[in-house]
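Colleague: sequence unknown, structure follows:
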């Protein structure tokens, strides 16, 4: 209980972190904190899934994550659930569930640093799907960045030189599903508030992850409960911290800091699991990340040019 109270105290304190700093400096501080939280969550997931089925861990991640969100939902009342696009909310939640299940299972099968490196492909899928499904216009520069990014993925996987492991493929599949979820969010964001989108996905993912969890249910060992609570709280808190950071500074300023997730994941993987990433993982991750950053920078520049022309 003492650990749980400490986590909840961190939840309350995070939004006011670094209030005496400039907005950009505070955003950078929050982003660094967010990368630490996600790396810690991924480490806890890798540990927990060695003893508890991945689907069950995913269910508890959503259930205990609700602890952080409930005060927000109570404050705004039932009106937050008013929507005329329930189908899109359900679709987004289903995509999130399959993405989460694939990621958790993949993380149980592949080293943390490798999984983190492959998760950097998500922005590539988002950019590709935005062009294919939303009709966003990309010129040769961004298409080149997308191609380079996927070539970086091949550097990590090295097909033909190394056997493709199921864990790595699941992480990539998770990134693709997350990209589809982001497209859904972009469509919802045209008419729905951020709070409504968050409320629906938070509430719907609990029963949606309960279904596969029941199919493989095992009573968690007593010492595992603190890890399951930690995963739920730190994961949700990490999302809140990163969201606050993005409100204070442009994504192009903060995105380079996201690479720190690989640094923290590598340190934790070495210390806790004796997992040392090879040179190809670092080189491939750098290519994927650089490509994703260029896409984000280019989109920001185009957006500003359009705003200035109006």
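Modeller: Right, received. Where do you want to start? Bear in mind that the values here come from a model prediction, so they are computed numbers and not experimental data. Numbering: from 1, shown residues only.
Colleague: wait, residue 64 sits on residue 234?
Modeller: No: Residue 64 sits out of contact with residue 234 when judged by C-beta atoms under 8 Å, with a separation of 9.6 Å. Placement of C-beta: from N, CA and C, glycine included.
Colleague: got any ranges where the stretch 201-310 of the chain has weak pLDDT?
Modeller: Scanning the stretch 201-310 of the chain for pLDDT under 70 picks out the ranges 310.
Colleague: domains of this protein?
Modeller: Residue ranges for the domains of the chain, per automatic domain parsing: 2-110+163-275, 111-162+278-310.
Colleague: can you list these in TSV and add mean neighbour count?
Modeller: Listed next are the domains of the chain as TSV, based on neighbours: other C-beta atoms under 10 Å:
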stretch	mean neighbour count
domain 2-110+163-275	18
domain 111-162+278-310	18
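Colleague: which parts of the chain are helices?
Modeller: All helices of the chain, identified by DSSP state H, fall at 2-13, 23-48, 54-76, 86-109, 112-119, 122-133, 140-157, 166-188, 194-215, 225-248, 251-258, 260-273, 279-309.
Colleague: looking at the fifth one now, give me its mean pLDDT.
Modeller: Just to be clear, that refers to helix 112-119. The average pLDDT for helix 112-119 rounds to 92.
Colleague: which helices and strands does it pack with?
Modeller: helix 23-48, helix 86-109, helix 140-157, helix 166-188, helix 260-273, helix 279-309 (3 or more C-beta pairs under 8 Å, 6 or more residues apart in numbering; DSSP states H and E).
Colleague: which of those helices sits closest to residue 254?
Modeller: The closest of these to residue 254 is helix 23-48. By C-beta to C-beta, the value is 4.6 Å.
Colleague: what angle sits between that closest one and helix 225-248?
Modeller: 160 degrees (axes from the mean of the first three to the mean of the last three C-alpha atoms, to 10 degrees).
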